Structure formats: structure tokens, C-alpha cells
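*Asks:* Test case, fold it:
(one chain, ligands or ions: 1)
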Amino acid sequence: MKTKPLFIVMSAPSGCGKSTLIDMLLQEYHDLVYSISCTTRAPRGEEEDGLDYHFKTKERFEELIAQDAFIEYAKVHDNYYGTLRAPIEEVLSEGNSMILDIDVQGAAKVRERVRALPNTDPLKIGYVDIFVNPPSMEELRARLERRGTDSREVIERRLANAEGEMARAGEYMFQVTNDDLGMCYKRLCDLIDALSGRM
Ligand code: 5GP
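*Replies:* Residues are numbered from 1 along each chain as shown. Below is the predicted model of the structure:
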């Protein structure tokens, strides 16, 4: 079935299950491609170039900035992070869809860029942004504590960030709440199917 290629931007506070939801979508939708960011930071542990990130030198990254190659980029703690525009254009031109996992600030930059594109641009035609809400702040705290990977301080910081991000959820075209993983996933699938014309 021929479907409309989508450019999906997804954001969620950490601990909302966004990575799990994206992994589930990638397993199910074989025409969905995950956008791999570029960064100037060094690979950590088992991270692989072209899989976790496209690792770049600062010089190369700045060259790409000068060429306006990024749909958005940011400098975080002395390192650059960004999303190249060309791979998104390529995926959409092949009739497939791209999913971008990005924070609220990055999403706002992408949204602004897309808004300025001509109405005939495939990125604008296929654009959709989705915010994943936690069921509640109490449940988010419980999830972060259960995960056991973060110190108390980090958990408090993540919760404060989550509040700031949730305050901007209204900027997104769609919101889903991850109260129950299966139900939330189903709502995402229904949304993608409707937007891509699968049903
Ligand atoms: P890390 O170094 O831990 O992998 O990521 C650090 C931060 O960079 C995270 O908050 C992550 O969301 C952000 N980040 C990763 N890729 C991108 C990107 O393409 N654009 C922007 N703006 N931020 C990114």
C-alpha cells in the first residue's frame, strides 16, 4: 500500500517510555527510519559511529553549520548536537517516513524551520509532532526511582525538566499519555495510520 511519507518529531520528558515506544514503532513499521543525530562528543562505551550518532570533529560540524546542512543543532556543554536535513529529505523522497527523537527546545527549532518551508516541501507536507506525557508527576518520579540508574539529585533535575517540558506540550500537534504502554502504543499507531493514510 502506498502511504504518505511522514516526518515525525517526538518529544517526552525522560522516564516517559519514549525510547521503548519508538523501538516498538520501528519494529512494526518497516518504512519508518530513525534519525541518527550528529555530535562532536566522543563515543562512549559500546557506541558506534553511524548507529548511535554520526561522530564528527568540531571543524567538520562547523563546516556543516556554515553550509546550512542542519535542520537544527544545539551546543550542549561544549559539544554540538544536530540533525542533518539531507537524510530526512532522502528518506521521504523514497516514500518512507522518518522519526526524530528530540527535546522540546530542539523540536521548537525544527518546527520553526519547517514552518518557513514552502507548502510544497515534502518535509512540511509530512510534518507531525507528538508529545508523550507521563501519567502524572508522581508516577514519573516512581518510574525514575524504580529505574534505579539516577541519583536523587539527577532524579530531581529530571523532574524539574519534565515540568518545564510538559508546560510546552501545547506547542505540539498531538499529545499522548503513557499511562499504559500498550494503550499508548495503540494510540500512536492509530495516529500514524490515520496521518499516513493507512486506513
Ligand atoms: P548524550 O551526549 O547524553 O547522548 O546527549 C546529550 C543531549 O543531547 C541529550 O539531551 C540529547 O537529547 C541531546 N541531543 C541528541 N541529539 C540531538 C540533536 O540532534 N539535536 C539536539 N538539539 N539535541 C540532541
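*Asks:* my guess is residue 178 meets residue 131, correct?
*Replies:* No: taking Cβ atoms under 8 Å as the definition, residue 178 is not a contact partner of residue 131, at 10.8 Å. In short, each C-beta sits where N, CA and C put it, glycine included.
*Asks:* what residues are shared contacts of the two?
*Replies:* Common contact partners of residue 178 and residue 131 (Cβ atoms under 8 Å, 6 or more residues apart in numbering): residue 12.
*Asks:* Mind checking what helix or strand follows the helix or strand bottoming out on mean pLDDT in the chain in sequence?
*Replies:* Across the helices and strands of the chain, mean confidence by mean pLDDT, DSSP states H and E is lowest for helix 137-147: a mean of 92. Per DSSP states H and E, the first helix or strand lying C-terminal to helix 137-147 is helix 152-166.
*Asks:* where are the low-confidence patches of the protein?
*Replies:* For the chain, applying pLDDT under 70 flags no range at all.
*Asks:* rewinding a little: what's in contact with the least confident helix or strand of the chain?
*Replies:* 13-16, 134, 150, 155, 158-159, 162-163, 179.
*Asks:* can we see that at 6 Å?
*Replies:* 15, 134, 155, 158-159, 162 (Cβ atoms under 6 Å, 6 or more residues apart in numbering).
*Asks:* now the residues you listed in TSV, with neighbour count and distance to residue 53?
*Replies:* Formatted as TSV, the contacts of helix 137-147 follow (neighbours: other Cβ atoms under 10 Å; distance: Cβ to Cβ, whole Å):
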residue	neighbour count	distance to residue 53
15	23	22
134	24	26
155	19	25
158	17	21
159	18	27
162	21	24
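*Asks:* Serialize those residues to a markdown table and add fields for distance to residue 44.
*Replies:* Converted to a markdown table, these look like this (distance: Cβ to Cβ, whole Å):
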| residue | distance to residue 44 |
| --- | --- |
| 15 | 20 |
| 134 | 26 |
| 155 | 21 |
| 158 | 19 |
| 159 | 24 |
| 162 | 24 |
